[in-house]
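Undergrad: Take this sequence and fold it.
(chains A and B)
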Amino acid sequence: MFNTASKILIVDDMLTIRKITKKALVDMHFKNIEEASTGMEAWQIISKSPPFDFIICDWNMPKMTGLEVLAKLRSTPEIAHTPFILLTAESDLAQVKTAIVAGVDDYVLKPFTADTLKQRLEAVHQKVLSRQVA
Amino acid sequence: MSAARKTNFNSKNSEHISADFLNPFIDATINTMRIQAALAVKCQPVILKSDFHQTVDILGVVSLVSRTYEGSISLCFPKDTFIAVCNKLFGENHTEISAEIEDAPGELLNMIFGAAKAHLNAKYNYQIPRALPAIISGHRLKLTQSFGPTIVIPFTSELGSFHLEIEVVAKK
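TA: Numbers count the residues shown, from 1 in each chain, chains lettered A, B, ... in the order given. Okay, the predicted model is just below:
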């Protein structure tokens, strides 16, 4: 089970998704949640803050997409391994492959339930623990 | 069974819109409302917009372009239904359309569009690209699309009715 003191960043240009995601995380007893409404705002927060335990980020955002945020993250050595979950309505197989190749740790397809989000967070947490053991 | 599967389009202007094209949008709408808002919705028979009269106070709209069609799709709500859906979606108690909730039709449409697009592209090779929805809010909006005749897919639920408007024409 993950630590509910984990620091989580939600990135989505739509307030609706930030609210739904935050509500699900609060219901899971997470307390340390930050939000960004653009990719650029997200990158400012990420680059100035201590590392996040999870980043939950939308793909399809104007100006700076979720995959562009991910590319910057993965190319910054101190925070390159930050767990990154892509939140998207894109379910085309080609799009899923693109996200995996780009280095996402997991992929949550909209629409989603709080249970789905919890399962994906737990799966990513286990993946992080496995990386640390290895 | 989706309403489009049971509907026989008689209009000369809409005969190029097949049930195969409409059904993914119907299924995605039912699925999106069930999963994201825990709301059971029922699709009513598909009709032409010229025969449909329902108040629209807020909507999300996205362009719908494929290798054969071009047009748009809109998710349209009257105020009371929209506020009730948002209160269920967020577990909040809104009484008016405000900045706190007004992007909801855009995001719900984004989910519907994403799922329908994936199905149409995978099964029929429509080659529909990604698109970002826009939101229009106002009192008793009157929509007049520029492409041509519009198909309306009405939905009912315990929180009220809403509808999709799909307007596509064959590319020249």
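Undergrad: Tell me, how many residues neighbour residue 72?
TA: Just so you know, I chose chain A. Residue neighbour count, defined by other CB atoms under 10 Å in any protein chain shown, stands at 16 for residue A:72. (Each C-beta comes from the backbone N, C-alpha and C, glycine too.)
Undergrad: my bad, the chain I had in mind was chain B
TA: Residue B:72: 20 surrounding residues under other CB under 10 Å.
Undergrad: Indicate each strand paired with the one helix or strand it maps to and its parallel or antiparallel sense.
TA: In the assignment (DSSP states H and E), residue B:72 maps to strand B:69-77. For strand B:69-77, the paired strands and their directions (DSSP bridges) read strand B:58-65 (antiparallel), strand B:162-170 (antiparallel).
Undergrad: what does the shortest one rub up against?
TA: Spelled out, that is strand B:58-65. For strand B:58-65, the surrounding residues in contact (CB atoms under 8 Å, 6 or more residues apart in numbering or on different chains) are B:70-77, B:79, B:82, B:97, B:102, B:105-110, B:113, B:128-129, B:131-138, B:141, B:143, B:166, B:168.
Undergrad: quick one: is stretch B:25-36 near chain A?
TA: Yes. Stretch B:25-36 comes into contact with chain A (CB under 8 Å from any CB of the partner chain), by way of B:31-32, B:35-36.
Undergrad: Show only the entries of those found in strands.
TA: Residues of these located in strands (DSSP state E): none.
Undergrad: Please identify the residues of chain A in proximity to chain B?
TA: Residues of chain A lying near chain B (CB under 8 Å from any CB): A:14-17, A:19-20, A:23, A:60, A:62, A:88-93, A:110-113.
Undergrad: got the CA coordinates for stretch A:24-33 in CSV?
TA: What follows is stretch A:24-33, C-alpha atoms only, in CSV (Å, rounded to 0.1, in the frame of the first residue of the first chain):
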residue,chain,number,x,y,z
ALA,A,24,-10.6,10.6,-5.6
LEU,A,25,-7.1,11.2,-4.0
VAL,A,26,-8.6,12.9,-1.0
ASP,A,27,-11.0,10.0,-0.6
MET,A,28,-7.9,7.8,-0.6
HIS,A,29,-6.6,10.0,2.3
PHE,A,30,-3.8,11.7,0.3
LYS,A,31,-3.2,15.1,1.8
ASN,A,32,-0.2,16.5,-0.1
ILE,A,33,-1.8,17.3,-3.5
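Undergrad: Buried by neighbour count: which residues of it qualify?
TA: Neighbour-count burial for stretch A:24-33 flags A:24-25, A:28, A:30, A:33 (criterion: 16 or more other CB atoms under 10 Å in any protein chain shown).
Undergrad: Just the ones in strands from those, please.
TA: Per DSSP E, the subset of these in strands is residue A:33.
Undergrad: closest to residue A:73 among the buried residues of stretch A:24-33?
TA: Relative to residue A:73, the closest of the buried residues of stretch A:24-33 is residue A:33; by CB to CB it sits at 18.2 Å.
Undergrad: pLDDT wise, what is that closest one at?
TA: In this model, residue A:33 is scored at 97, pLDDT.
Undergrad: With mean neighbour count as extra columns, can I get the strands paired with strand B:69-77 in a markdown table?
TA: Formatted as a markdown table, the strands paired with strand B:69-77 follow (neighbours: other CB atoms under 10 Å in any protein chain shown):
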| stretch | mean neighbour count |
| --- | --- |
| strand B:58-65 | 22 |
| strand B:162-170 | 22 |
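Undergrad: Tell me which of these sits nearest to residue B:149.
TA: Between residue B:149 and the strands paired with strand B:69-77, the shortest gap by CB to CB is with strand B:162-170, which sits at 7.1 Å.
Undergrad: quick one: contacts of that closest one?
TA: Strand B:162-170 is contacted by residues B:16-17, B:21-22, B:25-26, B:29, B:49, B:52, B:54, B:64, B:68-78, B:81-82, B:85, B:112, B:143, B:145, B:147-155 when judged by CB under 8 Å, 6+ apart.
Undergrad: out of those, which are buried?
TA: Neighbour-count burial (16+ other CB under 10 Å) is assigned, among these, to B:17, B:21-22, B:25-26, B:29, B:49, B:52, B:64, B:69-78, B:81-82, B:85, B:112, B:145, B:149-155.
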